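S.K.: dropping the sequence and predicted coords here.
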Amino acid sequence: MRWLERVATGQTPGPRPAVAAVKTYRYLRLAMVAMVLGLAVAVVHEVLRVEGNCWQTSLSGYYYTPVQSVLVGALVAIGLCLVALKGSTDVEDVLLNVAGVCAPFVAVVPIADPGSCGVVTDGVNRDLNVANNVTAVLAVVGTALATLAVLWWRNRRTPTGEPPPTRIELLGYAGSVLMFVTATGVFVLRPEEFDRYGHAVAAITMFVLVAADVVVNAVNLYLERRDSPAPVRRMNRYAWIALAMVGCAAASGVVGLLGVEHWLLVLEASLIGCFAAFWGFQTWELWDQGLREEPPAGGTSIPAFPR
């Protein structure tokens with residue numbers, strides 16, 4: 001056992017807990033950007049592989065191609081990161097949590113149309129996958145909601161110094177429970193409707209919540225800089241990204257009305273690109289502190305943690 005002792009004594013202590021927490025925030029944020037990059041590479045690789053550079057009509061259509069593993073894995077990983085990350089405010093935290101819960105459903109409940117570009121999964125396999133994977137996701141979400149309730153109850157009975165949930169957090173939790181119960185009920189009692197509308201409902205909800213989070217960050221950044229020496233602009237970087245998301249949605253709708261069959265692919269790709277840009281900017285902004293903090297009275301800035 002001497003070699004174990006040598007290994008143990010040769011270890012270098014990790015950083016202070018506060019610094020380690022900030023580094024964890026960095027890794028989670030960078031992981032989401034990496035997942036988006038990996039998904040983009042997988043899709044482009046598949047397009048180049050298929051004869052005639054054929055494109056699926058939507059990003060979700062790549063579930064039926066060799067991209068399936070990366071698509072599902074990326075969305076599940078992004079969902080977990082969104083839930084794991086603590087928002088700078090309770091509003092942002094709720095938006096991230098609910099969006100993160102939606103992401104796995106977007107992944108495991110694909111659209112019904114497999115398209116015709118490099119298809120490797122048929123409808124029968126799809127139905128078996130959906131039945132199995134949705135059951136697993138619902139079990140995980142239900143367990144997480146129950147665990148959170150137990151932890152809140154425990155903290156209330158045995159004070160740990162952790163602040164109690166705010167009204168916004170309680171409303172977000174109640175909304176999540178309602179969504180979970182509704183999704184479970186529809187999945188069990190009306191599986192045809194769940195199969196037909198589940199993907200669209202989850203995807204639209206996720207994108208709307210992400211857009212709302214971008215708007216919240218634009219407002220919070222403006223309010224933070226209004227009382228500090230930093231330059232103040234109403235149209236900061238997050239406001240421009242939110243405007244770009246609205247513009248992409250409107251432009252894609254017009255393209256769809258003109259009869260272009262790939263309008264949904266354009267919409268999904270552009271919104272994901274905006275999300276990656278937002279997440280990259282926020283990672284850069286919060287690199288040293290992890291979370292945005294309200295400046296103290298007098299306009300002095302909060303000292304950042306050392307890198």
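M.R.: All right, it came through fine.

S.K.: now residue 161: how far from residue 183?
M.R.: Between residue 161 and residue 183 the distance is 35 Å, computed by Cβ to Cβ, to the nearest Å. For every residue, glycine as well, the C-beta is placed using N, CA and C.

S.K.: ok, those two, which is more surrounded?
M.R.: When residue 161 and residue 183 are compared on other Cβ atoms under 10 Å, the one with more neighbours turns out to be residue 183, at 22 against 5.

S.K.: so the more buried one touches residue 138, yeah?
M.R.: Yes - under the criterion of Cβ atoms under 8 Å, residue 183 lies in contact with residue 138, with a separation of 6.8 Å.

S.K.: what segments of the stretch 1-150 of the chain are helices?
M.R.: Taking DSSP state H, counting those that start in this stretch to define them, one finds helices in the stretch 1-150 of the chain at 2-9, 17-49, 68-84, 90-108, 123-157.

S.K.: and among those, the most buried is which?
M.R.: helix 90-108 (a mean of 23; mean count of other Cβ atoms under 10 Å).

S.K.: what's that one packed up against?
M.R.: helix 68-84, helix 123-157, helix 167-189, helix 191-226 (3 or more Cβ pairs under 8 Å, 6 or more residues apart in numbering; DSSP states H and E).

S.K.: torsion angles phi and psi at residue 51?
M.R.: Backbone dihedrals for residue 51, given as degrees, to the nearest 10, come out at phi -60, psi 130.

S.K.: count of neighbours near it?
M.R.: Taking other Cβ under 10 Å as the neighbour definition, residue 51 ends up with a count of 7.

S.K.: what pLDDT does it get?
M.R.: Residue 51 carries a pLDDT value of 78.

S.K.: again, but for residue 250
M.R.: For residue 250, the pLDDT comes out at 93.

S.K.: okay, now it: neighbour count?
M.R.: 11.

S.K.: quick one: it from residue 206, how far?
M.R.: Here the distance between residue 250 and residue 206 works out to 19 Å (Cβ to Cβ).

S.K.: same question for residue 243.
M.R.: When Cβ to Cβ is the yardstick, residue 243 and residue 206 sit 20 Å from each other.

S.K.: who has more neighbours, the two?
M.R.: Using other Cβ under 10 Å, the more surrounded residue of residue 243 and residue 206 is residue 206, with 24 against 15.

S.K.: residue 96 is in contact with that one, correct?
M.R.: No - between residue 206 and residue 96 there is no contact under Cβ under 8 Å: 10.8 Å.

S.K.: by mean pLDDT, flag the weakest helix or strand of the protein.
M.R.: One helix or strand of the chain scores below all others by mean pLDDT, DSSP states H and E: helix 2-9, with a mean of 61.

S.K.: okay, now the unreliable bits of the stretch 51-200 of the chain?
M.R.: Within the stretch 51-200 of the chain, the ranges that satisfy pLDDT under 70 run 122-124, 160.

S.K.: what about 80?
M.R.: By pLDDT under 80, the low-scoring segments of the stretch 51-200 of the chain are 51-53, 113, 115-116, 118-125, 156-163.

S.K.: who's in contact with the closest residue to residue 186 other than its chain neighbours?
M.R.: The shortest distance from residue 186 to any residue that is not its chain neighbour, by Cβ to Cβ, 6 or more residues apart in numbering, is 4.7 Å, and that residue is residue 194. For residue 194, the residues meeting the contact criterion (Cβ atoms under 8 Å, 6 or more residues apart in numbering) are 109, 134, 183, 186, 187.

S.K.: quick one: the helices of the stretch 1-150 of the chain as JSON lines, columns for distance to residue 259 too.
M.R.: Rendered in JSON lines, the data for the helices of the stretch 1-150 of the chain read as follows (distance: least, Cβ to Cβ, whole Å):
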{"stretch": "helix 2-9", "distance to residue 259": "66"}
{"stretch": "helix 17-49", "distance to residue 259": "22"}
{"stretch": "helix 68-84", "distance to residue 259": "27"}
{"stretch": "helix 90-108", "distance to residue 259": "26"}
{"stretch": "helix 123-157", "distance to residue 259": "26"}
